[in-house]
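Student: Fold the stuff below for me.
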Amino acid sequence: MKPRTTSIAAGMLLASIAAAGLYWLLTPQPVLVETAEVVATTFQDAIEQDGRTRVRDRYLVSAPVSGRLQRLTLKAGDVVRTGQRLATIMPPVSPLLDTRVRRELEAQVGAAEAGLDEAEALHEQAKVLLAQASADLERTKQLALHNVAATAQLEREEALFRSADRQAAAAERRSHAATHVLEQARAALQSVGNIDLGDSFAVLSPIDGCVLKIEQESESAVSQAAPLVELGDPHDLEIAVDVLTTDAARIRQGDKVTIARWGGPSDLQGVVRRVEPSGFTKISALGVEEQRVWVIIDIISPAQSWTSLGDSYRVEVKIVVDETKQATVMPTGALFRRGNAWNVFVVDGDRARLREVQVSRLSSRAAAIAQGVRPGETVVVYPPAVLADRSKIRTQ
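Tutor: Residues are numbered from 1 along each chain as shown. Okay, the predicted model is just below:
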């Protein structure tokens, strides 16, 4: 009897194990999900793109006459002053005695005079715009003191005033540069007829700035208008970023910008100065043709905080096109469409509850919810296809 009793007990044990395994297989297992908390915070609809810095005003100094260029002693990064000798050109005799060259130099003087007139007119226009921006800022400050103007309007007027001030300074530098270009053209014209082989023509710096690039360093024969040196102020930077035309339609002058991943310890602040009116076609990394537009951004953070930033540096910008205070915000990945309505899965203990929500604002990363969820609740992000209402869940 003892062996038979043992076999019966073993059989019952095997049956219990099989029943437990069958129950485990037939019972729905918890779905592994990723969750996020719904919070009450400021909602920002932002456009994020990669951009690059560039010197606001670049000056390409070219050879005013044909001749033999002496080897340049300047290097990229050297500081130059207005009127400083950049290069020396030893002109050959025959081109300087050529009647055609004389006429070309006379035409160059005329073009330089026209350029100076244009630069002075733009300078006057920039001063008028600066005066208008100053008046608008002062008016807004007075209104803000009486709680008539909003703080956002005051910040916008301050940003526009700083932008107008920089534009006026840039226009003044362009006027000075045009004056020196005219002086160079007149000097080239006066040198015609001088047959002294030992004579040389000095190419002078039109601005106070820095050497950005040496176009021609070695001694060589150069033709008239050949590029020699590129100058600029590396401390007067702007940011150029190309965005899709569908995004550019939402960007306005004065929009706030956050500049990240530029290499410094903290993010910088900027403001949109201009959205260029004409777009261009660009081939994306996937080989798709895209219509894009250049957006120009001014850096308004203190200059001492970004001294290590240079020309043609890569940065990441976030242009804020919409902002809502004290909104109920959740990740965009928690939303999905069911019919014509937005839905989310709300975590209720170890269950996922399907709930319909109303979305008031939507961006690429976050959504502002008008109704359906409350701050403090937890939602499922990127819900799996197998997840259904009242499904058991297990968080990561």
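Student: show me the contacts for the nearest residue to D236 once chain neighbours are set aside.
Tutor: Distance criterion C-beta to C-beta, 6 or more residues apart in numbering; nearest residue to D236, sequence neighbours excluded, is R56 at 4.8 Å. Where you see a C-beta, it was placed from the backbone N, CA and C, and this is true even at glycine. Residues counted as contacts of R56 (C-beta atoms under 8 Å, 6 or more residues apart in numbering) are R166, A170, G232, D233, D236, L237, E238.
Student: Can you report how many residues lie near the first one?
Tutor: When counting by other C-beta atoms under 10 Å, one arrives at 18 neighbours for R166.
Student: Over to the third one?
Tutor: Here the count is done by other C-beta under 10 Å, and G232 has 21 residues near it.
Student: Q125 versus the closest residue to it other than its chain neighbours, what's the distance?
Tutor: In space, not counting the residues next to it along the chain, G232 is nearest to V55; the distance is 3.7 Å by C-beta to C-beta, 6+ apart. The spacing between V55 and Q125, counted by C-beta to C-beta, to the nearest Å, is 22 Å.
Student: Between the two, point out the one with more neighbours.
Tutor: The neighbour count for V55 versus Q125, taken as other C-beta under 10 Å, is higher for V55 (21 against 13).
Student: is that one in a bridge, and if so with what?
Tutor: On the basis of DSSP bridges, V55 is bridged to L237.
Student: go on, K256?
Tutor: With beta bridges defined as DSSP bridges, K256 has these partners: V271.
Student: List the contacts of it.
Tutor: In this structure, K256 makes contact with Q269, G270, V271, I319, V320, judged by C-beta under 8 Å, 6+ apart.
Student: Just among these, which is most surrounded?
Tutor: Within those, most neighbours by other C-beta under 10 Å means I319, with 27 neighbours.
Student: my guess is it contacts I47, does it?
Tutor: Yes: the pair I319 / I47 is scored as a contact, 4.6 Å apart, by C-beta atoms under 8 Å.
Student: Now do the shared contacts for those two.
Tutor: By C-beta under 8 Å, 6+ apart, I319 and I47 have these common neighbours: V243, I251.
Student: now the strands for the stretch 251-396 of the chain?
Tutor: Secondary structure of the stretch 251-396 of the chain (DSSP state E, counting those that start in this stretch): strands located at 256-260, 268-275, 280-283, 289-299, 314-331, 336-338, 341-348, 351-362, 366-371, 378-381, 391-395.
Student: Let me have the ones you listed in a markdown table, extended by mean pLDDT and distance to A144.
Tutor: Shown next, in a markdown table, are the strands of the stretch 251-396 of the chain (pLDDT from 0 to 100; distance: least, C-beta to C-beta, whole Å):
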| stretch | mean pLDDT | distance to A144 |
| --- | --- | --- |
| strand 256-260 | 95 | 18 |
| strand 268-275 | 95 | 18 |
| strand 280-283 | 93 | 40 |
| strand 289-299 | 95 | 22 |
| strand 314-331 | 92 | 18 |
| strand 336-338 | 92 | 44 |
| strand 341-348 | 94 | 39 |
| strand 351-362 | 92 | 27 |
| strand 366-371 | 93 | 27 |
| strand 378-381 | 94 | 40 |
| strand 391-395 | 87 | 48 |
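Student: now those in a markdown table, with distance to A133?
Tutor: Conversion of these to a markdown table gives the following (distance: least, C-beta to C-beta, whole Å):
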| stretch | distance to A133 |
| --- | --- |
| strand 256-260 | 18 |
| strand 268-275 | 12 |
| strand 280-283 | 30 |
| strand 289-299 | 13 |
| strand 314-331 | 21 |
| strand 336-338 | 46 |
| strand 341-348 | 43 |
| strand 351-362 | 31 |
| strand 366-371 | 33 |
| strand 378-381 | 45 |
| strand 391-395 | 53 |
